[in-house]
Each structure stands twice: as structure tokens, then as C-alpha cells.
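J.: take this sequence and fold it.
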Amino acid sequence: MAGGSAARGLQALDVSGAADKINLIPQDFFAELCEQIIQHLNHKIPGVNTAELCQRIQTSGIEINVDDLAKIANIVSFLFSTAARNNLSTEELITTLGSAVSVLPKHAVQVIRHVWNEEGKSIGVSEDARDMATVGQFVDIKWKLGVAMSSDSCRSLKYPYVTMTIKVANPSGQITDRSFEMTIPQFKNFFRQFKEMAAVLETV
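T.: Sure, this is the predicted structure:
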């Protein structure tokens, strides 16, 4: 049965183990997390920015780390996507949670119920979308030019370099940053390859 498969999956994700962490998150932040997950499942945003949300929660004085928040996001995302695939109503979704309802904080169950009741029907989970969600999705890129001023291993200092930061949403919807540095010759080669890609795209 649909509810049974979702419940078994939730047990594998250890909802009870995450309940204490969910209890730390104020209702408004948990609601925002759920909203972002729904938007991601609807392909309106590329992913859930757990790092940014975690920083804001920490700024409010709550001690939670980004790994714990990512785990919670994965659990809720699994719950919503499974419910969408099985066309569960709000009550069926809460029933599917089963014993998890007793360990989850009341405010979390209320948020899940409200968000699913308001927006659950809008989620369309097609086979094509699931097949496409096996690689990361590019979100943003930033760069800056710097000059090396000190180094233990380099004799010639004051050489310029480019720092690139690429924001990527992984297949589970978590947004992560990847940074790397390039020398000017490496950057020129990088730029040349992008020009070649652009030229090829012009012919498509």
C-alpha cells in the first residue's frame, strides 16, 4: 500500500532520531523549510538553501548545525515526494506518518499538515522529472580576483589568481557551495572553453 511504503521509508530515515533536532527549530523557520521543499519539488527553485537557513536559525540563538538541518530537509522532502507520487490526502499523509506523529513536535505536525493541505496537490512528480534528478543543477557562480601576499611554499609572491565559487543544488535538493582557485593561465583556458561552448550552442 502507498501509505505503508512511505512509512517504511520514513523509518529508514530515522524520524525519531531527527525529532529532537526538529523540536529546536521554531515554527516559522520550519514552515519556511517546508515551503522551500514544496517549491523545489514543483521545480520553482533549484534547491533548498539549508546553509543560509541554518545561519539565520543560529543567528536567532538556536544551536543547530547544517548537517542536522539537511537531514531534516531530506526527511520532509522524502515525505512530500512520496505523498505526491501516491496522491495522498492530508489525512492520509498524517496517517502515513503513523508512530512518527507521536515523536514529532506538535508544531512540526501542524506545519506539515498545513503546507500539504495548501500546496500538496500542486506537486507533479513525473517519471521524466525523476530521471532528470540524478545530477546536480547549477544555481549561481561568483568570482573574485586576488593577489597572493604570503605563502610557505611559493617564492614569487604578488601573483594574481581568480577564486571561483559555484553554487550547485545536488540531486536531493540541497544547495552547496564549491570554491576553487585558478592561476591566470588556468582562468584564460577556462574562459576559452566557455567561449567554445557558447559557439556550439549558437549552432543548436
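J.: any stretches of this structure with poor pLDDT?
T.: Scanning the chain for pLDDT under 70 picks out the ranges 1-17, 99-101, 124-137, 149-157, 170-173, 204.
J.: all strands of this structure, in order?
T.: 137-147, 160-169, 175-183 (DSSP state E).
J.: report the inter-axis angle for the last one versus strand 160-169.
T.: The directions of strand 175-183 and strand 160-169 differ by 160 degrees, with axes from the mean of the first three to the mean of the last three Cα atoms, to 10 degrees as the criterion.
J.: which other residues reach strand 175-183?
T.: 46-52, 139, 159, 161-170, 190 (Cβ atoms under 8 Å, 6 or more residues apart in numbering). Bear in mind the C-beta positions are built from the backbone N, C-alpha and C, glycine included.
J.: quick one: buried ones out of the residues you listed?
T.: P46, G47, V48, N49, T50, V139, V162, I166, K167, V168, A169 (16 or more other Cβ atoms under 10 Å).
J.: okay, those in TSV with distance to Q27 next?
T.: Listed next are these as TSV, based on distance: Cβ to Cβ, whole Å:
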residue	distance to Q27
P46	26
G47	23
V48	18
N49	19
T50	18
V139	27
V162	43
I166	33
K167	28
V168	30
A169	26
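J.: now for these: which two are most distant?
T.: Within the buried ones among the contacts of strand 175-183, V48 and V162 form the most distant pair, 28.9 Å apart (Cβ to Cβ).
J.: for K71, give its distance to I64.
T.: According to Cβ to Cβ, to the nearest Å, K71 and I64 sit 11 Å apart.
J.: what of Q186?
T.: Taking Cβ to Cβ, one finds Q186 at 38 Å from I64.
J.: please apply the same query to K158.
T.: Taking Cβ to Cβ as the measure, K158 falls 42 Å from I64.
J.: those two: which is more packed in?
T.: Shown here are K158 and I64; by other Cβ atoms under 10 Å, I64 has more neighbours (17 against 8).
J.: distance check, that one against A169.
T.: In terms of Cβ to Cβ, I64 sits 21 Å off from A169.
J.: check N49 too.
T.: According to Cβ to Cβ, N49 stands 9 Å off from A169.
J.: which of the buried ones among the contacts of strand 175-183 lies closest to T95?
T.: V48 (25.7 Å).
J.: report how many residues lie close to the closest residue to that closest one other than its chain neighbours.
T.: In space, and not counting its chain neighbours, V48 is closest to Q36: 4.6 Å by Cβ to Cβ, 6 or more residues apart in numbering. The local packing of Q36 (other Cβ under 10 Å) involves 23 other residues.
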